[in-house]
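Student: My questions are about this predicted structure, shown below with the sequence.
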Amino acid sequence: MDNLKEIAGKFLPVEEIEEINSICSGLINNTYFVKTKAGSPDYILQRKNKNVFPNVPAMMDNILKVTEHIKGKVTLSGGDPEREAMTVVKSKEDEPYYKDESGEYWTMSLYIPDTISYESAATNELARKGGEGIGKFQRQLEDFAQPLYPTIEGFHDLKFRFKQWDKVLKSGNRERIDECQKEIEWIEQRRGKMEDFWHLVEEGKIPKRVTHNDTKLSNILFDKQGKVLCVIDLDTVMSNTILADFGDAIRTFANTGKEDDENLDNVELDIEKYNSYKEGYLTEAGEMLNETEKEYLSFGPQYITYEQVMRFLMDYLQNDIYYKIDYPEHNLVRTRAQMKLVESMENYFSK
């Protein structure tokens, strides 16, 4: 605890700190709640995972650019920028991070009090509000024109993923490759359709915009009246097609089963949640989309879930080097569950 106070003291006066407690959420970073003495705001302290994010300074530069842009929009609309946008706290050395003696990177942000977050969309109304949250985030950044550093190489880039895929089929575990011929064929059958879609992105017909890239519901903060306040956890904010954000939200919001469901009968696209999310999303972001983006909106969930099929199966074929597993076939089970979800999506949408 003394070490954490020393770290937090690189951002704010140590004498203001009352206590620091671990927050048990998130799979990548270590997160702590910094409670200060009466009259001072509280903070969120994080140790960033430098294995996942190899260039933390560039990542934090992305976050600063994006949050400052959003704050400007909120201020112009008469809102409260400290509640309706994430606030990065700079260190005493005027950097958006602190690098300790062991080479670990630490960051701090302002804690937003009196807020609510949800782990899953239990109701259609909550799914609609989730759509509003992501749509609002993207609309606020519609005119953002600064370059963003690619925090994770090839993230949601199908051309990059197919290069990985082809390498894995040549160098992966031969026994597992032989075992998974059905799954491999499933991916190859859809490859042409996915490559055609990605050509539209490369040609600019589907533009690249600012995307969050981790659009689960728990990354949206609401006030106690249920109004969307802001989107948090901006570590993966980059440039990509907004269909990636829309698709990944649907993949998590509107799956009737679990991501690793062993019973494939449980896995289905919840079309009511899909429609609710889409309605909320278009309420906020609809006017900024071009005609091709609108045409391919329902393809976004298929593209993102297909990519996740590839990622789970590639990891299985490489002896599980990326995702944590609970049993030897875990990545294969995940692969098949996501395949079933894609098939359900295909049944609903012709494109």
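Tutor: Perfect, thanks for sending it.
Student: what number of residues lie near residue 87?
Tutor: Residue 87 sits with 19 neighbouring residues when counted by other Cβ atoms under 10 Å. Glycine gets a C-beta too; all of them are placed from N, C-alpha and C.
Student: backbone phi and psi for residue 239, please?
Tutor: Dihedral angles phi and psi of residue 239 (degrees, to the nearest 10) take the values phi -100, psi 130.
Student: Would you point out which residue is most central in this structure?
Tutor: Closest to where the C-alpha atoms of the chain average out (Cα atoms, centre = their mean) is residue 214, at 0.6 Å.
Student: thinking that residue is in contact with residue 238, fair?
Tutor: No: contact criterion Cβ atoms under 8 Å: residue 214 and residue 238 do not qualify, at 10.6 Å.
Student: Do a quick rundown of the strands in the stretch 101-250 of the chain.
Tutor: Assigned by DSSP state E, counting those that start in this stretch, the stretch 101-250 of the chain shows strands spanning 105-110, 115-116, 209-211, 220-223, 228-231, 238-240.
Student: neighbouring contacts of the shortest one?
Tutor: Contacts of strand 115-116 with the rest of the structure, by Cβ atoms under 8 Å, 6 or more residues apart in numbering, involve 221, 222, 223, 224, 226, 229.
Student: Ok, the last one next?
Tutor: The contact list for strand 238-240, computed with Cβ under 8 Å, 6+ apart, reads 62, 148-152, 155-157, 208-211, 213.
Student: Let me know the closest of those to residue 102.
Tutor: Ranked by distance to residue 102 (Cβ to Cβ), these are led by residue 151 at 22.0 Å.
Student: and that closest one, how far is that from residue 220?
Tutor: Distance of residue 151 to residue 220, given as Cβ to Cβ, to the nearest Å: 20 Å.
Student: Between these two, which is the more surrounded one?
Tutor: When residue 151 and residue 220 are compared for neighbours, residue 220 comes out ahead with 28 against 22, by other Cβ under 10 Å.
Student: quick one: the more buried one and residue 126, what's the gap?
Tutor: Computed as Cβ to Cβ, the residue 220 to residue 126 distance reads 10 Å.
Student: Mutual contacts of those two, please.
Tutor: residue 118.
Student: Okay, now the unreliable bits of the stretch 101-250 of the chain?
Tutor: Scanning the stretch 101-250 of the chain for pLDDT under 70 picks out nothing.
Student: ranges for the helices of it?
Tutor: Remark: helices assigned in the stretch 101-250 of the chain by DSSP state H, counting those that start in this stretch are 124-140, 158-171, 174-179, 181-202, 242-253.
Student: Tabulate those (CSV), appending mean neighbour count.
Tutor: Shown next, in CSV, are the helices of the stretch 101-250 of the chain (neighbours: other Cβ atoms under 10 Å):
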stretch, mean neighbour count
helix 124-140, 23
helix 158-171, 15
helix 174-179, 13
helix 181-202, 15
helix 242-253, 26
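Student: Quick one: closest of those helices to residue 102.
Tutor: Ranking those by proximity to residue 102 (Cβ to Cβ) places helix 158-171 first, at 31.5 Å.
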